[in-house]
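**Q** Take this sequence and fold it.
(2 chains)
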Amino acid sequence: MIEKTYEPASVEGRIYQAWLDAEAFAAGAGAEPGAETFSIVIPPPNVTGSLHIGHALNNTIQDILIRFERMRGKDVLWQPGTDHAGIATQMIVERRLMENQQPGRRELGREEFLKRVWEWKAESGGTIMNQLKRLGASADFSRERFTMDEGLSEAVREVFIALYRKGLIYRAKRLVNWHPVLETAISDLEVENIETDGKMWHLRYPVENSEDHIVVATTRPETMLGDVAVAVHPEDERYQHLIGKYVILPLVGRRIPIVGDEYADPELGSGAVKITPAHDFNDFEVGLRHNLRPINIFTTAARINGYAPKDYRGLDRFEARAKVLVDLEAIDAVMWVEDKKIMVPYDEKSKQVVIEPFLTDQWFVNAEVLAQRALAAVREGRTKFVPQNWENTYFSWMENIKPWCISRQLWWGHQIPAWYGPRLSTDPDFGNADKGPKVFVGATEEEAIAEAKSYYGRPVTVFNQGLTSGGYQEAFTQFETVQRARKQPELLAKLKETDPFAELQDSKAPIHRDEDVLDTWFSSALWPFSTLGWPEDTPELRKYYQTDVLVTGFDIIFFWVARMMMMGIEFLDEEPFHTVYVHALVRDEHGAKMSKTKGNVIDPLSLVDGYGADATRFTLAAMAAQGRDLRLAMSRVEGYRNFVTKLWNAARFLEMNECRRVEGYDPRANTLALNRWIVSATHRAVGAVTKGIEDFKFNEAANAAYDFVWGVFCDWYVELAKPVLTGEDEAAKAETRATAAFALDQILKLLHPFMPFVTEELWGETGKIGPAREKLLIVSRWPDLSGLEDADADAEMDWLIQLVSGIRSVRTEMNVPAGAKIALQIIGAGEETGTRVEANLAAIERLARLESVSYGSEVPAGSAQIILGEAVFALPLAGVIDLSVERARLEKDVAKIDDEIAKIDKKLGNEQFVAKAPEEVIEEQRTRRSDAADRRKKLLEALARLT
RNA sequence: GGGUGUGUAGCUCAGCGGGAGAGCAUUGCCUUCACACGGCAAGGGUCACAGGUUCAAUCCCUGUCACACCCA
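**A** Residues are numbered from 1 along each chain as shown, chains lettered A, B, ... in the order given. Here you go, the predicted structure:
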């Protein structure tokens, strides 16, 4: 027996376990032999994360696609897993250490610290995957991967080395976005520019050997300590005479040139700008154009370093600003100050730390080269965006792609497989500080040592203690000193004088591994193939790559889509997916972005707790219209919870009326129009839902299913079936029972991708009686009712529904008490109407609450009249109804029809319309006009009869 | 400043060249033998504004206004 109420909380866990026990999520589960594949890789969520509503939408969509294709018999893989979220995870663990008053990571050392991170990951890293399970995600969790797994790490090393050898990865000194608290480079995508109330200081710099001065404007006065030039627009007449002259930098005393550069905007401020290449991206470019050597005045913690005057050293950047301003005031160098809205780069996560453009040695991917094929793939349609307009976002980012800084000054991540050593004196770059040390890249230390040995032609020593501790730096310096000395005999002789063994000091070359790790996205970019076993040539890789769809939010196009495309094409010569489905952002009811600080976050798990996973999923699907944000209103969730209940109760009703599935039931053999119709209507619904999912129009699919199940099956089929089920005609009863059970089966299948739990539960319940179920619903076949359309039955039921609705409307408008049974008299019925009335007599009587149905030749006086087709359906209510009310009702109908006729006549009377509109449109208008005219005539007759 | 998108019923949103739709909310009736998380019925819209294209515009084009987001 189906329970009286459906309680998601008590059902969902059990059903989910049943799927797991049946291994229904495993790659290829339930597939037809030799079926084509359908695969999706999850965009890997952060291992530190927990499920938010965006994940819920993202994964609901993936699960709908996966369950749908699995039911269509495809060989399906949904690959789950998480990424290691370098910065976020390291921060969490460091914070935990601090909170527990344990030693920090530097005291612990790399190895011990990493042990702690792995411990934390083991402890709470599974959170988000477990939360996905509560949503009903049918990913193959037996294949769950993590970006730091050995196999995936091997993929990272392989890719790094391959790109390095191709020259697509290089090391360079560049300005990067620097996080001065974490002391690491971060991606430009992790920076959020926030408009802030700031100030613009106008500073006066004296021109050398002159009474003249030049005024520069800046929002960051402290960076003046690192100024190396002043730029003016080359065509700015005010300053042309100064180009080539020098100013003396106040407080510092440095003599710096005035250069002409178009970067200086004559309209802005004074038209002159200070140039600080080490601390501003634009200034860096200006510096390159004018061969200005950047002066970095900050330490990695954004304190003033030794390149600035003594008085400022050790101050942090904000203290330095205050002091610089005081000191400039003192020499009267501050001309004036204005308030100004300025864009300040903040760390995107905390929005607390101001990010610093910082000049350091980092590893970069030459993304511009990799981007070319990734761009072509989309331009040439091998990978499509849905909705298509997201292509523009992809193009604009890819076309303006910058070198991708992939090194991070962290410990948690894939340590860069690069070792450094001093250069040999024979090296063309020997002694060139800008070129940095000699680099050896290898998958293992052995490989790196081998590389180094062949370079040095002598043994090497590997220093692992790090640059700061241990003797590496010392050994490096000694090696270089000897190398330098070898070039100049007198230097060597001098060296030998002080140290007889000096020459031995380059007998062993010191090398040292890069301490830094790679950007997390470097490994995420490989996800579509590294999770399938690459670089091994595995069966899974051959089978499931190329994957089919990447489902993602638009904010992630740059993060994942672009990088996965570049890497997939580079290493597998094929795009990682043929379709990118970009879904909406979930906002709150009023359209605001959800955020913890605003406190308007809707926790998907609390929705699951309150309304059930099915209602939560259905809501997200039903609201996932393309190209629009999704405002989540609780009333909608509640509405779909009601839908789940409705389905449950309908199934319960069928069970109570012994609507069992029948072995060998053939819908083609149905005789009753009611049954032929519901099969036909189910066929239509299957078509609409199928098309919706295929086209990624999940809202259309969900609404089609909703309308059919509630609006057609429950509201009409079940109601119309009631008289049959309680009637005497055993054959009709048997056919209706079997058909109802059959239709419910199709409904369960149709709804399964959206509402997996309640449908699987009902599948089980209805499987307890009648023929045994062969398998779980999750691996059952998607409905195919082709050939079961039935236009005659559709027409008859449409007529019946119109008749019943018509009578109901009149009853209400005439204030006939709901409980009162009334008589119906039919006048002027043709043969077809007569047949239809007879065939559906019981249903008409019941649904319209009639006590009798009879035929007459005249409409009884004082009747309410319903015009349907050629016939008049009269409700003789003399004495009960108010004739003036009935007249008003009919007149209103006439007015409506008149309006319509007038509109059509206007069209048909327009010569241009008749001449230019397509024939079928004109024909349609003519048909509509004649139908309307017929109806109008009947209504007028009915009105005439009233008097 | 550049780009993208959105303005349709009180609210949340579909539709997007030829008959204005749904859910919720509202109003009235109904404790009818699955379901009050229900049933039946009803009211409610110059489809932001102004031009244009077209035989025909809520839908296409241009502009204006408003809002949102992305990139500088």
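**Q** Number of residues surrounding whatever residue of the stretch 651-800 of chain A ends up closest to RNA strand B?
**A** Nearest residue of the stretch 651-800 of chain A to RNA strand B, counting by C-beta to the nearest atom of the strand: A:Phe653, 3.2 Å away. C-beta here means a position set from N, CA and C on the backbone, and glycine is covered the same way. Neighbour count of A:Phe653, defined by other C-beta atoms under 10 Å: 17.
**Q** Surely it is in contact with A:Tyr717?
**A** No - using C-beta atoms under 8 Å, A:Phe653 makes no contact with A:Tyr717, being 11.2 Å away.
**Q** Name the SS class of the residue of the stretch 651-800 of chain A closest to RNA strand B, please.
**A** Applying DSSP: H, G, I helix; E, B strand; the rest coil to A:Phe653 yields a three-state assignment of helix.
**Q** Over to whichever residue of the stretch 51-200 of chain A sits closest to RNA strand B: give its phi and psi.
**A** Nearest to RNA strand B in the stretch 51-200 of chain A, going by C-beta to the nearest atom of the strand, is A:Asp188, at a distance of 5.7 Å. Per-residue torsions, A:Asp188: phi -60, psi -20 (degrees, to the nearest 10).
**Q** Likewise for the one 3 residues further on?
**A** Dihedral angles of A:Val191 (phi, psi; degrees, to the nearest 10) stand at phi -110, psi 130.
**Q** and what of the one 5 residues further on?
**A** Listed backbone geometry of A:Thr196 is phi -140, psi 150, with angles given as degrees, to the nearest 10.
**Q** looking at this, A:Pro510 is in a strand?
**A** Yes - counting by three-state DSSP, A:Pro510 is part of a strand.
**Q** how much space between it and RNA strand B?
**A** Taking C-beta to the nearest atom of the strand, to the nearest Å as the measure, A:Pro510 falls 40 Å from RNA strand B.
**Q** what's across from that residue in the sheet?
**A** With beta bridges defined as DSSP bridges, A:Pro510 has these partners: A:Thr461.
**Q** what packs against the one helix or strand A:Phe529 maps to?
**A** Secondary structure from DSSP states H and E places A:Phe529 in helix A:527-530. Applying 3 or more C-beta pairs under 8 Å, 6 or more residues apart in numbering; DSSP states H and E, one finds that helix A:527-530 contacts helix A:150-165, helix A:563-572.
**Q** As TSV, those with mean pLDDT, mean neighbour count and distance to A:Asp555 would be great.
**A** Shown next, in TSV, are the helices and strands packed on helix A:527-530 (pLDDT from 0 to 100; neighbours: other C-beta atoms under 10 Å; distance: least, C-beta to C-beta, whole Å):
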stretch	mean pLDDT	mean neighbour count	distance to A:Asp555
helix A:150-165	94	19	24
helix A:563-572	94	23	14
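**Q** Redo the ones you listed as a markdown table? Include distance to RNA strand B.
**A** Below are the helices and strands packed on helix A:527-530 laid out as a markdown table (distance: least, C-beta to the nearest atom of the strand, whole Å):
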| stretch | distance to RNA strand B |
| --- | --- |
| helix A:150-165 | 24 |
| helix A:563-572 | 15 |
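**Q** centroid residue for chain A?
**A** A:Gly553 (2.1 Å; C-alpha atoms, centre = their mean).
**Q** Against A:Ser454, how distant is that one?
**A** According to C-beta to C-beta, to the nearest Å, A:Gly553 stands 48 Å off from A:Ser454.
**Q** Check A:Ile243 too.
**A** Separation of A:Ile243 from A:Ser454 (C-beta to C-beta): 52 Å.
**Q** and those two? which has more neighbours close in?
**A** Counted by other C-beta under 10 Å, A:Ile243 and A:Ser454 do not tie: A:Ile243 has more neighbours, with 17 against 9.
**Q** Around RNA strand B, which positions in the stretch 51-200 of chain A sit nearby?
**A** Contact residues (C-beta under 7 Å from any atom of the strand) of the stretch 51-200 of chain A with RNA strand B: A:Asp188, A:Leu189, A:Asn193.
**Q** tell me which of those is nearest to A:Phe577?
**A** Nearest to A:Phe577 among these: A:Leu189, at 20.7 Å, using C-beta to C-beta.
**Q** what's the neighbour count on that closest one?
**A** By the criterion of other C-beta under 10 Å, A:Leu189 has 14 neighbours.
**Q** Just confirm it contacts A:Phe558, I think it does.
**A** Yes - counting by C-beta under 8 Å, A:Leu189 touches A:Phe558, with 5.9 Å between them.
**Q** Can you name the residues bridging to the residue nearest to the centre of chain A?
**A** According to DSSP bridges, beta-bridge pairing links A:Gly553 with A:His583.
**Q** Spit out the contact partners of it.
**A** A:Gly54, A:Asn58, A:Val582, A:His583, A:Ala584, A:Leu585 (C-beta atoms under 8 Å, 6 or more residues apart in numbering).
**Q** which residues does the residue nearest to the fifth one when sequence neighbours are not counted contact?
**A** Spatial nearest neighbour of A:Ala584, excluding adjacent residues (C-beta to C-beta, 6 or more residues apart in numbering): A:Leu630 at 4.3 Å. Contact criterion C-beta under 8 Å, 6+ apart gives A:Leu57, A:Ala584, A:Leu585, A:Val586, A:Arg587, A:Leu620, A:Met623, A:Ala624 as the residues in contact with A:Leu630.
**Q** any low-confidence regions in chain A?
**A** Scanning chain A for pLDDT under 70 picks out the ranges A:465-470, A:495-496, A:499-507, A:588-600, A:627-628, A:947.
**Q** got the buried residues for stretch A:292-311?
**A** Residues A:292, A:294-300, A:302-305, A:308 are the ones in stretch A:292-311 that count as buried (16 or more other C-beta atoms under 10 Å).
**Q** Helix, strand, or coil at the spatially closest residue to A:Leu751 that is not a sequence neighbour?
**A** Spatially, and ignoring its direct neighbours in sequence, A:Leu751 is nearest to A:Thr759 (5.1 Å; C-beta to C-beta, 6+ apart). Secondary structure, three-state DSSP: A:Thr759 is helix.
**Q** In contact with A:Thr759, which residues?
**A** Going by C-beta under 8 Å, 6+ apart, the list of residues near A:Thr759 reads A:Asp614, A:Leu748, A:Lys749, A:Leu751, A:His752, A:Leu777.
**Q** Identify the residues contacting stretch A:201-211?
**A** By C-beta under 8 Å, 6+ apart, stretch A:201-211 touches A:212-219, A:221, A:224, A:230, A:242, A:245-250, A:255, A:258, A:269-270, A:274, A:325, A:328, A:332-338.
**Q** Quick one: end-to-end length of it, please.
**A** Its first and final residues considered, stretch A:201-211 spans 22 Å by C-alpha to C-alpha, to the nearest Å.
**Q** Next: stretch A:158-178.
**A** Using C-alpha to C-alpha, the end-to-end distance of stretch A:158-178 comes to 28 Å.
**Q** Repeat that for stretch A:694-703.
**A** This stretch, stretch A:694-703, spans 15 Å end to end (C-alpha to C-alpha).
**Q** Show me which residues of the helix or strand hosting A:Ala450 are buried.
**A** Taking DSSP H and E as the definition, A:Ala450 sits inside helix A:445-456. Of all the residues in helix A:445-456, those buried under the rule 16+ other C-beta under 10 Å are A:Glu447, A:Ala448, A:Ile449, A:Glu451, A:Ala452, A:Tyr455, A:Tyr456.
**Q** list the contacts for A:Ser741?
**A** Slight slip there: residue A:741 is Ala, not Ser. Taking C-beta under 8 Å, 6+ apart, we find A:Ala741 in contact with A:Leu654, A:Cys659, A:Arg660, A:Arg661, A:Val662, A:Tyr665, A:Thr766, A:Gly770.
**Q** Neighbour-wise, give me the winner out of these.
**A** Going by other C-beta under 10 Å, A:Cys659 tops the contacts of A:Ala741 with 26 neighbours.
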